[in-house]
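**Student:** Provide a 3D model corresponding to the input given below.
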Amino acid sequence: MKTYYVYILANKRNGTIYIGFTDDLQRRIREHKEGSVSGFTARYNVHKLMYYEEFKNSNDAFLRERRMKKWKRTWKIQLIEKENPQWHDLAKDWE
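**Tutor:** Below you'll find the predicted structure:
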């Protein structure tokens with residue numbers, strides 16, 4: 001069974017935030033870190049994984065991502081700080 005992810009990246013604590021959706025979190029985070037995909041995250045150096053959620057259904061993950069992107073910035077920061085109060089890069093030790 002496939003797993004889908006909604007994730008939040010940041011460039012630093014309380015910095016620029018990006019929300020994404022993928023079916024392969026490690027691969028996608030590696031792409032962000034390497035800057036291999038041009039766009040927002042490469043331009044603003046946003047590649048630290050602050051938060052993620054898992055889903056068994058791609059539509060549920062897609063809808064969650066779309067809703068979160070519409071949230072106020074303060075709500076996004078509150079979600080990160082609830083689960084990751086020190087703003088550690090959750091993917092720091094991934095290879």
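
**Student:** looking at the chain, which helix or strand does the model trust least?
**Tutor:** Sorting the helices and strands of the chain by mean pLDDT, DSSP states H and E puts helix 40-43 at the bottom, at a mean of 92.

**Student:** give me the residues contacting whichever strand or helix holds residue 75.
**Tutor:** The secondary structure element spanning residue 75 is helix 73-83 (assigned by DSSP states H and E). Here helix 73-83 makes contact (CB atoms under 8 Å, 6 or more residues apart in numbering) with 8, 10, 14, 17, 19, 50-51, 68, 87. In this view, the C-beta of every residue, glycine as well, is placed from N, C-alpha and C.

**Student:** filter those down to the buried ones.
**Tutor:** Burial of the contacts of helix 73-83 was assessed by neighbour count (16 or more other CB atoms under 10 Å); the buried members are 8, 10, 17, 19, 50-51, 68, 87.

**Student:** need those residues in a markdown table with distance to residue 37, can you?
**Tutor:** What follows is these, written out as a markdown table (distance: CB to CB, whole Å):
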| residue | distance to residue 37 |
| --- | --- |
| 8 | 17 |
| 10 | 17 |
| 17 | 17 |
| 19 | 15 |
| 50 | 18 |
| 51 | 20 |
| 68 | 20 |
| 87 | 23 |
